[in-house]
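**Q** everything below, folded, please.
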Amino acid sequence: MIPGGGGTKELTKRVSDALQEGDVELNALQNAFMNIATAKVALSAEEAREMGILRSKDRISVNKDRQILDAKAAVIELAEAGYTMPVPAKNIKVQGRTGMALFMAGVEGMRMGNYISDHDKKIARWIANVMCGGDLSYAQEVSEQYLLDLEREAFVSLTGEKKTLERIQSILTGGKPLRN
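**A** Numbering: from 1, shown residues only. I've put the predicted structure just below:
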């Protein structure tokens, strides 16, 4: 599977938001792509910040007994401050076919070295498709909704795959990921 519910879109947006004038855009996006494609997980909150999963403004609640209480307090604080949902972005920089080619060259190398399976390769192609903005002929800006639509297409397509369903079943029944 790929991170659904906006997860892939959000990491793509965060990379785009962090770009500065003169940055090598593909490098930052490739790091986020590899984190998703290799299912890298953070072992601590600080590592999650370094990976771009947590933002500097995100709060950390270490004490398990206080997590719900802390979350409730944060929500009440936001409501009292007059929080409103942000306007969806329409300026997320994606790389189009150039990014796809770069990502897929790396994925093909991983497959040829037997580091990933054919199904892993298929999943990586879908991740790259979302993060690069689909079949765009050049780098450009797209909207959050555009990326969400690509993400949904990938998610629905992958759930129709027998090997994806086997992976889901393995996690639910044994708690371990299946590499098929």
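
**Q** what part of this protein, helix or strand, is modelled with the least confidence?
**A** helix 25-37 (a mean of 89; mean pLDDT, DSSP states H and E).

**Q** need the contact partners of the next helix or strand after it.
**A** Of the helices and strands lying after helix 25-37 in sequence (DSSP states H and E), the nearest is helix 45-50. Residues from elsewhere that reach helix 45-50 (CB atoms under 8 Å, 6 or more residues apart in numbering): 42, 54-56, 58, 60, 62. Heads up, the C-betas are built off the backbone N, CA and C, glycines and all.

**Q** need the buried ones from those selected in ChimeraX.
**A** Of those, the buried ones go into a single ChimeraX selection, burial set by 16 or more other CB atoms under 10 Å:
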select :54
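
**Q** could the contacts of helix 45-50 go into CSV alongside distance to residue 166?
**A** Listed next are the contacts of helix 45-50 as CSV, based on distance: CB to CB, whole Å:
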residue, distance to residue 166
42, 26
54, 31
55, 34
56, 39
58, 34
60, 35
62, 36
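
**Q** can you lay out the contacts of helix 45-50 as CSV showing pLDDT and distance to residue 103?
**A** Conversion of these to CSV gives the following (pLDDT from 0 to 100; distance: CB to CB, whole Å):
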residue, pLDDT, distance to residue 103
42, 93, 22
54, 93, 24
55, 91, 24
56, 90, 27
58, 93, 27
60, 93, 31
62, 89, 35
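
**Q** closest to residue 133 among the contacts of helix 45-50?
**A** Of all the contacts of helix 45-50, residue 133 sits closest to residue 55, with 22.4 Å by CB to CB.

**Q** which residues does the least confident helix or strand of the chain contact?
**A** So helix 25-37 is contacted by 2-3, 7-8, 11-12, 14-15, 18-19, 40, 51-52, 93, 95, 98-99, 102-103, 106-107, 120, 123-124, 127-128, 131-132, 139 (CB under 8 Å, 6+ apart).

**Q** cool, stretch 101-117 as well?
**A** Residues outside stretch 101-117 that contact it (CB under 8 Å, 6+ apart) are 26, 30, 33-34, 37, 95, 118, 120-121, 124-125, 128, 131-132, 179-180.

**Q** who wins for most neighbours among these?
**A** When neighbours are taken as other CB atoms under 10 Å, the top entry among the contacts of stretch 101-117 is residue 131 (28 neighbours).
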